[in-house]
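Engineer: Could you work out the structure for the sequence below:
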Amino acid sequence: MLSGIKLACLNGFGILFKALDYHSESLRNVLTARDLWVTHCGSQQQALDMLLTCTTKGKFSVGKAYNLLRPKFPTQACYKAVQDPFIQSRHKFTLMLALQRKLATVDQLCRRGISIANRCCLCKKNAESSRHLFFTCPYSQTVLSSLLSWMGLNLRDVQLRSLILWYHRSKPKHHWRNKWFKCGLAAETYYIWMERNYRLFEGKERQALCLFKDIKLCVHTLLLHKSSPTEHTAIIEALNV
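Structural biologist: Okay, here's the model as predicted:
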């Protein structure tokens, strides 16, 4: 396996032929990656030497080669905070998109050139944006204030990123209350987004307190399912579902 890779690398690095129009897209991508690799390593020989180190149990590893080639960026603390196994995958995915402001809210669609009336589906008054949808909308404020009150917190004028960082740094990371907060905030983000989609695409509506009850039940189930048995009594007393 390695001898074939080495031969192919020597031929490719030695000739260094360029991608031409009549080459297939796959070959052009391979040649482009090769040029980036040589530039990253500094020379053809160094590129070959590094490539030959990308092995696992004597076999070439594409994953290791990719990790060597791709740029490295520091992970922001707020993203580390939500990488908790307690948080459901679908909740985590929605929360990450919300943090990056990549959810397809109406204002984002308008920026992409899509002509659509910008009105929030929850309050039916203001323009829809990520901040409005999750924090300043009266419907979302009712859900969020109920959630924070349930957790024993009295916070106002909060933002999603700062809220996660504040609680992540103020509590022990492995304490169940820290997991309670992050699970609750992720579930709130997910349920608000799903309520928005239900109203927009299916014409279904739920009251804010009904949505909050669903969030409580979801968080209660997650904590009891994933916590240790010694913590169950304290969790049940604190959650008060």
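
Engineer: Pop the domain breakdown of this protein in here.
Structural biologist: As given by automatic domain parsing, the domain ranges for the chain are 2-69, 77-239.

Engineer: looking at these, which is buried most?
Structural biologist: Ranked by average neighbour count under the criterion mean count of other C-beta atoms under 10 Å, the domains of the chain are headed by domain 77-239 at a mean of 16. Using the backbone N, CA and C atoms, a C-beta is placed for each residue, glycine as well.

Engineer: Run the chain-centre distance for it.
Structural biologist: In terms of C-alpha atoms, centre = their mean, to the nearest Å, the centre of domain 77-239 is found 13 Å from the chain centre.

Engineer: model confidence over that domain, on average?
Structural biologist: Average pLDDT, domain 77-239: 83.

Engineer: Now do the end-to-end distance for stretch 94-113.
Structural biologist: Start to finish, the residues bounding stretch 94-113 are 23 Å apart (C-alpha to C-alpha, to the nearest Å).

Engineer: Just after the lengthiest helix in the chain, pick out the following helix or strand.
Structural biologist: Longest helix in the chain, counting residues (DSSP state H): helix 176-197. Sequence order places helix 208-226 as the next helix or strand after helix 176-197, per DSSP states H and E.

Engineer: Report the secondary structure element holding the residue nearest to the spatial centre of the chain.
Structural biologist: The residue lying closest to the centre of the chain (C-alpha atoms, centre = their mean) is residue 96, at 3.0 Å. Element membership for residue 96 (DSSP H and E) is helix 89-99.

Engineer: just checking, what packs against the longest helix of the chain?
Structural biologist: When contacts are defined as 3 or more C-beta pairs under 8 Å, 6 or more residues apart in numbering; DSSP states H and E, helix 176-197 sits against helix 77-82, helix 89-99, helix 138-150, helix 160-170, helix 208-226, helix 232-239.

Engineer: Let's have the ones you listed in JSON lines, adding distance to residue 106.
Structural biologist: Below are the helices and strands packed on helix 176-197 laid out as JSON lines (distance: least, C-beta to C-beta, whole Å):
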{"stretch": "helix 77-82", "distance to residue 106": "24"}
{"stretch": "helix 89-99", "distance to residue 106": "15"}
{"stretch": "helix 138-150", "distance to residue 106": "15"}
{"stretch": "helix 160-170", "distance to residue 106": "18"}
{"stretch": "helix 208-226", "distance to residue 106": "20"}
{"stretch": "helix 232-239", "distance to residue 106": "35"}
